[in-house]
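In: Got a predicted model here, sequence first, then my questions.
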Amino acid sequence: EHVKDAAEADAVAEHYLGAIDRLAASGLPAEVSVKLTQIGLDLGTDACLERARRIAGHAAPHGMRVWVDMENTPYTDRTLELYRALLSTHRNTGLCLQSYLRRSERDLEALLPLAPAIRMVKGAYMEPPGLAFAAKSDVDETFFRMCRTLLSPEARARGAWLAVGTHDVALVRRIERLAVEQAIPRDAFEYAMLFGIQREEQLRLAR
């Protein structure tokens, strides 16, 4: 991440195009995820947006979604701004939101009218207490509330999509119970977990 040279950012974008081609040729039902500082966000928003649009446009004919990762808080506003612009031209894009940030529920509410695809995660960057919850219970409750919002009939009717990005089995089961209680179809949202972590839970969810 944090490339400082436009040529390097262009090369990263080209790498993504090649990766998308290889994934499409393989027939894998895969999606790609990109950090905006890897495609030149530190060099300026306009050029970074153009690279993101190239990647999303290349993925669209293959039915492939492109996820925009959320980085640490100095980039939050610019990432939201760029995602809004990207979503206006490429519906096959999603955004990661971090439940440990105090602002994230407000950010989600502002995005909901756009019918976003959101991958919920807890967050892993070191942030000051004024910006992020310190207690795990607060992070978990915010995570659950945001998932519940995205699974609400109103959000789903608009076309919002939820990817539950956690290895926390207790949270997974809680969201699973919510989905059952609300009769939400199993294909109306997804779980996103790192390969090899909580492997038994991954297999259970897949089954």
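Out: All right, it came through fine.
In: Can you tell me what sits against the helix or strand where Thr79 lies?
Out: Take DSSP states H and E as the rule and Thr79 turns out to sit in helix 76-89. Surrounding helix 76-89, the residues in contact under the criterion Cβ atoms under 8 Å, 6 or more residues apart in numbering are 36, 41, 45, 48-49, 52-53, 56, 68, 70-71, 93, 95, 101, 103, 107, 111, 114, 116. The way it works is simple: take the backbone N, C-alpha and C, and place the C-beta from them, glycine included.
In: which of those residues are buried?
Out: 36, 41, 48-49, 52-53, 56, 68, 70-71, 93, 95, 101, 107, 111, 116 (16 or more other Cβ atoms under 10 Å).
In: now the helix holding Thr79: mean pLDDT?
Out: For helix 76-89, the mean pLDDT works out to 98.
In: Could you check it and say which residues are buried?
Out: Those would be Thr76, Arg78, Thr79, Leu80, Leu82, Tyr83, Leu86, Leu87, for helix 76-89 by 16+ other Cβ under 10 Å.
In: which stretches of this structure form strands?
Out: 32-34, 66-68, 93-98, 117-121, 161-164, 190-191 (DSSP state E).
In: Including distance to Glu8 and mean pLDDT, could these go into CSV?
Out: Converted to CSV, those look like this (distance: least, Cβ to Cβ, whole Å; pLDDT from 0 to 100):
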stretch, distance to Glu8, mean pLDDT
strand 32-34, 14, 97
strand 66-68, 19, 98
strand 93-98, 23, 98
strand 117-121, 26, 98
strand 161-164, 29, 98
strand 190-191, 32, 96
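In: could I get those strands as JSON lines with distance to Gln198?
Out: Putting the strands of the chain into JSON lines (distance: least, Cβ to Cβ, whole Å) gives the following:
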{"stretch": "strand 32-34", "distance to Gln198": "19"}
{"stretch": "strand 66-68", "distance to Gln198": "20"}
{"stretch": "strand 93-98", "distance to Gln198": "19"}
{"stretch": "strand 117-121", "distance to Gln198": "14"}
{"stretch": "strand 161-164", "distance to Gln198": "12"}
{"stretch": "strand 190-191", "distance to Gln198": "10"}
